[in-house]
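> Fold the stuff below for me.
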Amino acid sequence: MFFVALALFALAYATAEAAVLTDEQITALTQEEAVAITDEEWFNIFTPRCTPTSTYYWSSQYLSDIRDCHYYYECVGFKPVRMECAANLHWNSKLNTCDYPAQAGCRSYSPAIVPIFPV
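Now for the predicted structure:
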């Protein structure tokens, strides 16, 4: 089972520009495998990377936190720094701002709620 999870993580990391697993890959994990992922591993596997741009020092880059819609990342240098939206707001990746949950359209994945069997 460990190797199945490792293969899924490697596939997601290598093939997805934002390193985000698909719904099918998320549901393929067993609950034990998903819960075994530490916060640091989750960050390293699932968090998008900061990339340089031609206007890098004059513009900010923001990244969604796929595990919790209340948080997002702001790139400082090449390092993503976790930021928090104000109470009851979610990160809206289309507008790059915190917004009401109904407007933000954010979907989060939590290893604690990954079903054992695909639904």
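
> tell me the contacts of Phe85?
For residue 85 the amino acid is Cys, not Phe. Residues near Cys85 by CB atoms under 8 Å, 6 or more residues apart in numbering: His70, Tyr71, Tyr72, Trp91, Cys98. Using the backbone N, CA and C atoms, a C-beta is placed for each residue, glycine as well.

> Likewise for Leu89?
Residues near Leu89 by CB under 8 Å, 6+ apart: His70, Cys98, Asp99, Tyr100, Pro101, Ala104.

> The fifth one touches His90, doesn't it?
What it means is Pro101. Yes. Under the criterion of CB atoms under 8 Å, Pro101 makes contact with His90 at 4.7 Å.

> intersection of neighbour lists for these two?
By CB under 8 Å, 6+ apart, the residues touching both Pro101 and His90 are Cys69.

> The two: which has the busier surroundings?
His90 (23 against 14; other CB atoms under 10 Å).

> Give me the domain ranges for the chain.
Using automatic domain parsing, the domain ranges for the chain come out as 1-46, 50-111.

> Can you flag the weakest of the ones you listed by average pLDDT?
Among these, domain 1-46 carries the lowest mean pLDDT, a mean of 48.

> My read is that Cys98 contacts Met83, right?
No. In this structure Cys98 lies outside contact range of Met83 using CB under 8 Å: 9.0 Å.
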